[in-house]
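Engineer: Give me the fold of what follows.
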Amino acid sequence: MTLLPTTHHDLLSELVRRWRDDPGATYRSWFLWDERLKNFRSIRRGLQQVVVEIESGRFGVAYRGSSLETVVHSIAEQRQIFKGADHAWLWKPKLRIPDIYESPDNQRAFGRLLDNCSCCDTAEEIISHIRSIDALKIKGLGPAAANLLYFLHPTLVPPFNTAIVKGYNAVTGAKVKLGSWDHFLAMRAGILDLNDRYRELLSNDLGAIGGLLFDIGSGRYPAPPLEDDATAADDWLGRLEHARAEASRLDKTAAAQGETDRTHAEIQAWLRDLGHALGYDVWIAANDRGRLHAGCPLGQGCLERLPDAIATSPGADSIRLIDVLWLAKGGDGVAAAFEVEHSTSIYSGIVRMLDLALSGSDLHAAAGLFLVAPNAREQDVRAQLRRPAFSRIADLDFAYLPYGELERNRDAIARFGTGLKAIKAISSPLP
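Structural biologist: Presented below is the predicted three-dimensional model:
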C-alpha cells in the first residue's frame with residue numbers, strides 16, 4: 001500500500017512534482033520556454049538604455065513612449081507570469097505616483113539603482129542598493145522594481161507580483177504586504193530557504209519557484225495545509241486532484257502554445273532551406289540548433305560556429321541568438337538576418353538585429369534585416385518601431401516579411417531567385 005504524504009514538507013514536494021508535469025503551469029509553459037532566456041540579454045540591454053537616458057537627461061517626464069515602457073512591455077510579453085507588469089509604472093496623476101517622472105532627483109536615484117545592480121555580483125550589494133533607494137521613500141516606487149532586478153540577477157532576486165506574494169503567504173503562513181521593500185526582502189529570504197529545501201525539484205534560477213508561487217497565488221493549485229494533520233492532508237489531496245482535472249481541461253491552451261512554438265521552428269526551417277537554396281551559408285540561433293522540425297534538428301547542415309569577425313564583435317552574444325543568418329558562402333559577412341516573431345516580444349528581436357547592424361563591422365553593416373511575423377502582426381511591429389528607443393532603425397535596411405508572402409513565394413524564390421532581390425520584393429520597408 002502506498003503511504004500518502006501527510007507532513008507539510010511531503011505535501012509541498014508532491015505539489016512541486018505535479019506542477020512540474022503540468023503542461024499548462026508556468027514551469028513548462030514559461031520557465032522551460034526557449035524564448036525566456038533568449039530575451040534576458042535584450043531586456044538587460046534595454047535597462048542599460050534607461051540608465052543612459054536618465055543620466056543624460058533624455059528620459060523625459062512620462063512613462064508612455066519612454067525606454068522604460070519598451071522594456072516593461074517586453075517583460076510583460078513573457079507569458080502569463082508577468083501579465084500586467086506595466087501597471088506599477090503607469091503614472092497615476094491624482095496620487096502623483098510613481099514619483100520618478102516629475103522629480104529629476106528621484107528619477108536619477110532610480111537610474112542609479114538599475115546601474116548599480118547591473119554592475120554588482122553579490123546579494124549583499126544588491127540589498128545595500130535596495131536599502132539606499134528605500135531610504136529616499138520615493139512615492140510609488142516599491143518592489144515592483146524587483147521584476148527589473150530579476151532579469152539582471154535571476155539567481156539572487158525573485159520575480160515579484162501580487163500572485164507571487166499571495167502564493168508565498170499561502171505556502172508559508174507569512175503576512176507579506178505589497179509595496180514594502182522590507183516585506184519584499186523578508187519574502188526573498190524565505191523564498192531562498194524554500195528553494196534550498198526543494199532545490200532538486202526546482203532551480204538555482206528563482207524564476208522556477210517564483211512560477212510555482214504564482215500558480216498557487218493565482219488559484220491554479222491549492223497551497224498544502226500548514227499543520228501536519230492527516231485529515232487536512234487528505235482534504236488537500238482531494239482538492240489537488242480536482243485542480244489537476246481542471247488543469248487537464250486547460251491543456252487545449254497549452255497545446256495551442258505548443259503549436260506556436262512549432263510554427264516558430266517551421267518558419268526558421270523555411271528560411272534555413274531557402275538560404276541554402278540561394279547559395280548562402282546559414283546560421284541558426286545557438287539555442288535553437290537542437291530544436292526539432294520534421295524530426296531533424298534545425299541546425300543540421302548549418303554553420304556550427306560563427307566566423308571570427310562576428311564571434312569577436314561587440315554584440316556577439318546577442319548576434320548568435322538571432323533566429324536565422326545568411327552569410328556569404330565561405331565568407332564572414334552577413335547578407336541577411338531574420339527574426340521570427342510569431343507571438344514573442346518584438347522588442348527583443350529588434351535589439352538583437354541592432355546589435356548586428358551597429359556592431360562596428362563593415363562586413364555586415366549593409367545586411368538586410370527582416371522581421372518575419374504573421375500577417376496580422378504588421379501594425380504591432382510598426383508600433384514598436386516608432387518608439388524613441390529605435391530611432392536608429394530609420395538609417396538601416398529593415399523590412400517586414402509576412403508569413404503569407406514567404407509561404408506563397410519561397411519555392412519559386414528557391415528555384416529562380418538570386419541574392420536578396422526576391423526576398424526584398426515580398427517584404428515591406430520599416431518603419
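
Engineer: Just the CA trace of the host helix or strand of residue 370, in CSV.
Structural biologist: Using DSSP states H and E, residue 370 maps to strand 368-373. Only the C-alpha atoms of strand 368-373 are listed here, as CSV (Å, rounded to 0.1, in the frame of the first residue of the first chain):
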residue,chain,number,x,y,z
GLY,A,368,19.2,43.0,-45.0
LEU,A,369,17.3,42.9,-41.7
PHE,A,370,14.0,41.2,-41.7
LEU,A,371,11.3,40.9,-39.0
VAL,A,372,9.3,37.8,-40.0
ALA,A,373,5.8,37.7,-38.4
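
Engineer: partners of that strand, with directions?
Structural biologist: strand 334-340 (parallel), strand 398-402 (parallel) (DSSP bridges).

Engineer: hey, which of these is tucked in deepest?
Structural biologist: strand 334-340 (a mean of 25; mean count of other Cβ atoms under 10 Å). Where C-beta positions appear, they are placed from N, C-alpha and C, glycine not excepted.

Engineer: next SSE after that strand?
Structural biologist: Next helix or strand after strand 334-340 toward the C-terminus (DSSP H and E): helix 346-357.

Engineer: angle of that following helix against strand 368-373?
Structural biologist: Relative orientation of helix 346-357 versus strand 368-373 (axes from the mean of the first three to the mean of the last three Cα atoms, to 10 degrees): 170 degrees.

Engineer: so can I have CSV of the strands paired with strand 368-373 showing distance to residue 325 and mean pLDDT?
Structural biologist: Output for the strands paired with strand 368-373, formatted as CSV (distance: least, Cβ to Cβ, whole Å; pLDDT from 0 to 100):
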stretch, distance to residue 325, mean pLDDT
strand 334-340, 5, 92
strand 398-402, 15, 90
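
Engineer: Would you reformat these as CSV and include distance to residue 215?
Structural biologist: Shown next, in CSV, are the strands paired with strand 368-373 (distance: least, Cβ to Cβ, whole Å):
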stretch, distance to residue 215
strand 334-340, 29
strand 398-402, 35
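
Engineer: Residue 18: which of these is closest?
Structural biologist: For the strands paired with strand 368-373, proximity to residue 18 was assessed by Cβ to Cβ; strand 334-340 is nearest, at 33.1 Å.

Engineer: Which strands and helices lie in contact with whichever helix or strand comes after the strand holding residue 370?
Structural biologist: The element immediately downstream of strand 368-373 (helix or strand, assigned by DSSP H and E) is helix 378-385. For helix 378-385, the elements it packs on are helix 346-357, strand 368-373, strand 398-402, judged by 3 or more Cβ pairs under 8 Å, 6 or more residues apart in numbering; DSSP states H and E.

Engineer: Can you give me the buried ones in helix 378-385?
Structural biologist: Buried residues in helix 378-385, counted by 16 or more other Cβ atoms under 10 Å: 381, 384, 385.

Engineer: CSV please, covering those residues and showing pLDDT and distance to residue 124.
Structural biologist: CSV is the format used below for those (pLDDT from 0 to 100; distance: Cβ to Cβ, whole Å):
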residue, pLDDT, distance to residue 124
381, 80, 43
384, 76, 38
385, 78, 41
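
Engineer: Quick check: of those, which lies closest to residue 117?
Structural biologist: Relative to residue 117, the closest of these is residue 384; by Cβ to Cβ it sits at 26.1 Å.

Engineer: who's in contact with that closest one?
Structural biologist: Applying Cβ atoms under 8 Å, 6 or more residues apart in numbering to residue 384 gives the contacts 70, 346, 347, 350, 390.

Engineer: State the distance from it to residue 40.
Structural biologist: 19 Å (Cβ to Cβ, to the nearest Å).

Engineer: correct me, but residue 203 touches residue 32?
Structural biologist: No: in this structure, residue 203 is not within contact of residue 32 by Cβ atoms under 8 Å, at 9.9 Å.

Engineer: what pLDDT, on average, does the strand holding residue 370 get?
Structural biologist: Mean pLDDT, computed over strand 368-373, is 90.

Engineer: List of residues touching it?
Structural biologist: Residues contacting strand 368-373 (Cβ under 8 Å, 6+ apart): 267, 271, 323, 335-342, 346, 349-350, 353, 356-357, 380-381, 396-403, 406, 420, 423-424, 427, 430.

Engineer: again, but for stretch 421-431
Structural biologist: 336, 368, 370-371, 378, 381-382, 385-386, 390, 393-394, 398-402, 405-406, 409, 412-413, 416-417.

Engineer: average pLDDT across it?
Structural biologist: The model assigns stretch 421-431 a mean pLDDT of 90.

Engineer: Convert that stretch to PDB, retaining C-alpha atoms only.
Structural biologist: This file holds the C-alpha atoms of stretch 421-431, laid out as PDB (Å, rounded to 0.1, in the frame of the first residue of the first chain):
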ATOM      1  CA  LYS A 421      16.200  40.800 -54.600                       C
ATOM      2  CA  ALA A 422      13.200  38.400 -54.400                       C
ATOM      3  CA  ILE A 423      13.000  38.400 -50.600                       C
ATOM      4  CA  LYS A 424      13.000  42.200 -50.600                       C
ATOM      5  CA  ALA A 425      10.300  42.200 -53.300                       C
ATOM      6  CA  ILE A 426       7.900  40.400 -51.000                       C
ATOM      7  CA  SER A 427       8.800  42.400 -47.900                       C
ATOM      8  CA  SER A 428       7.700  45.900 -46.800                       C
ATOM      9  CA  PRO A 429      10.300  48.600 -45.700                       C
ATOM     10  CA  LEU A 430      10.300  49.600 -42.000                       C
ATOM     11  CA  PRO A 431       9.500  51.700 -40.100                       C
END
